[in-house]
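**Q** What follows is a predicted protein model with its sequence.
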Amino acid sequence: MTGIARLYGKMEELALGEAAAAEESDIPDGGWGWVVTLAATVIFFVVTIPSVSFGVLFSDMLLGWDTSFTVTSWVFNLGLVFAGLCSFLTAPLVDEFGWRKVALTSGFLMGLGLTFSAGCNMWILVCIAYLVMLHYFLRWRRVSNAIIVLGVCISQMTMPPLITYLQEEYGSVGAILITGAVSFNCCPAAMLLHPVEWHKQRSYPTTSSKKDENPLPGNTPGTSACLMRILSKSRSCLQLLKSPVVITIAIMIGMHMTVVFNVFTAVPFAMEKVGFSLQDASLCLAVAGGCSLASRVVSALATFCPGIRARTIFLSGSFLTSVSITGFSLVDTLVEKAVTLGLCGFGYGLAMSLTGLVVVEEVGLSMLLPVLSVSFFMSGVLFLIVGPVSGVVRDVTDSYVASLCFVAACLLFSVVVGVLLPVAHILHQRRQHQQQSQEQEQQQDEESCCAVTSVLVELMVVVLVVDGAV
């Protein structure tokens with residue numbers, strides 16, 4: 001995938017790349033890496049809170065204000081739009097300041113957002129958690145990946161019932177403040193993300209992880225120069241969207257996140273409209289979290305089976321999620337809704353647990369961070385479109401069934417796009433071949449021009465010599 005790497009330009013040095021491949025024999029593969037795994041699990045737990053618990057946390061308040069579902073969708077999706085659109089800054093920020101400083105700042109901002117507003121989801125933290133894990137593990141990489149994504153399931157299983165209890169004991173405002181306080185746990189977790197060089201026996205040239213303690217001399221000028229470097233590298237990162245392979249992966253990942261998070265937000269509102277209580281909605285969300293936990297174990301085991309690609313499992317999970325969302329909107333009893341939402345959680349966990357592995361499988365390990373950042377950027381764009389449109393569909397039709405079927409259809413579209421990923425690879429290879437042919441032709445033209453120029457110069461010299469002799 002050298003063509004994609006060429007599009008990325010200088011930003012490719014932020015990922016593992018060839019230098020990291022040379023160091024694989026000295027990767028800790030344990031030790032402090034398990035502490036990093038625990039810290040990343042905490043980060044995943046906290047980052048998931050605004051996404052899966054928004055409906056439970058704010059439903060009573062918004063329903064008391066008689067807020068339309070369109071406005072509710074805007075409130076929820078704007079925070080995720082901000083998180084997605086800012087995620088493409090991950091690579092340049094890590095390159096400039098190191099992953100600990102960026103993670104600590106992002107965690108602090110997320111805690112403030114959830115305490116004083118409707119939440120501020122920082123997917124920069126997710127990108128960094130994946131990146132750090134890859135630096136610490138090689139042989140145990142799949143196991144570490146399976147552990148850190150458990151944070152999402154634990155959050156989904158525990159937070160909705162806990163928030164319901166806090167609302168009964170301390171009211172809506174008290175529950176929001178306590179949940180915000182829980183989100184600040186990202187800060188101490190970020191401090192545990194040591195530069196991997198601290199735990200290696202041999203030293204290597206400075207990488208992005210070392211910049212926490214030893215910034216490069218070229219990265220020390222003033223604020224304006226630092227800002228210009230970040231903007232320049234961010235622009236290079238967005239150029240990845242020129243690749244059909246990257247845009248396909250971004251749609252697969254971004255659409256799945258957009259649809260599932262909007263469904264989890266709509267569940268309390270949809271169930272209360274047909275006569276269920278908030279406790280019933282919390283129970284269904286907890287069941288979805290438990291099924292998501294089970295699916296992540298299944299997906300982790302499936303990745304060890306030869307011949308099974310991560311993309312196949314991801315698309316299977318997305319298809320199951322789409323079908324179960326439609327089923328949830330059509331069934332009537334609490335048991336049926338819990339079962340269908342459990343299937344939705346199973347499909348969600350099956351897909352999202354393999355997000356990083358899908359990227360590595362399709363474009364290579366060196367492109368994980370930039371492609372993951374672009375995928376989250378795409379999710380921000382989709383949150384800006386799909387979420388509010390689903391709210392408009394709900395208010396126009398006065399039916400959550402129509403709204404949920406709409407988002408299920410959007411997810412099914414992303415499955416179709418994902419199935420066409422091999423075609424995207426072929427298109428990319430053709431484009432790459434055309435670029436190489438053009439470069440070769442240009443090089444040949446330049447060589448021809450140089451040869452002609454050389455001949456003309458020699459002729460002029462000969463003429464001058466002859467003229468001087470005459």
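**A** Perfect, thanks for sending it.
**Q** measure Ile426 to His256 for me?
**A** Between Ile426 and His256 the distance is 24 Å, computed by Cβ to Cβ, to the nearest Å. Every residue, glycine included, has its C-beta placed from N, CA and C.
**Q** Have a look at those two and say which one is more surrounded.
**A** His256 (29 against 12; other Cβ atoms under 10 Å).
**Q** Could I get the buried residue list for the one helix or strand that one maps to?
**A** Using DSSP states H and E, His256 sits within helix 244-273. Buried residues in helix 244-273, counting neighbours by 16 or more other Cβ atoms under 10 Å, are found at 244-272.
**Q** Tell me how far stretch 382-390 lies from the chain's centre.
**A** How far stretch 382-390 lies from its chain's middle: 18 Å, per Cα atoms, centre = their mean, to the nearest Å.
**Q** With stretch 416-426 instead?
**A** 20 Å.
**Q** average model confidence for that stretch?
**A** Computed over stretch 416-426, the mean pLDDT rounds to 89.
**Q** End to end on that stretch, go ahead and measure it.
**A** Terminal residues of stretch 416-426 lie 17 Å apart, using Cα to Cα, to the nearest Å.
**Q** For it, give me every contacting residue.
**A** With contact meaning Cβ atoms under 8 Å, 6 or more residues apart in numbering, stretch 416-426 is reached by 244-245, 247-249, 251-252, 311, 314-315, 318, 362.
**Q** For those, which two are the farthest from each other?
**A** Pro244 and Ser318 (19.2 Å; Cβ to Cβ).
**Q** The stretch 351-470 of the chain: helices as residue ranges?
**A** Ranges of helices in the stretch 351-470 of the chain, per DSSP state H, counting those that start in this stretch, are 355-363, 368-397, 400-419, 421-469.
**Q** looking at the ones you listed, which has the lowest confidence?
**A** Minimum mean pLDDT among those: helix 421-469, a mean of 70.
**Q** Check Ser117 and give its pLDDT.
**A** At Ser117, pLDDT is 66.
**Q** Spatially central residue in this structure, please.
**A** By Cα atoms, centre = their mean, the chain has its centre lying nearest to Phe376, at 4.2 Å.
**Q** Chain neighbours aside, what residue packs nearest to that one?
**A** Ser87 (3.5 Å; Cβ to Cβ, 6 or more residues apart in numbering).
**Q** Report the contact partners of that neighbour.
**A** 123-124, 127, 373, 376-377, 379-380.
**Q** which one among these gets closest to Leu78?
**A** Using Cβ to Cβ, the contacts of Ser87 come closest to Leu78 at Gly380, 10.1 Å.
**Q** distance of Phe383 from Ala281?
**A** Shown here: Phe383 relative to Ala281, a distance of 22 Å by Cβ to Cβ.
**Q** likewise Arg394?
**A** Using Cβ to Cβ, Arg394 is found at 16 Å from Ala281.
**Q** Repeat that for Gly275.
**A** Gly275 is 12 Å from Ala281, by Cβ to Cβ.
**Q** Looking at these two, which has the bigger crowd around it?
**A** It is Ala281, of Gly275 and Ala281, that has more neighbours when counted by other Cβ under 10 Å, with 25 against 8.
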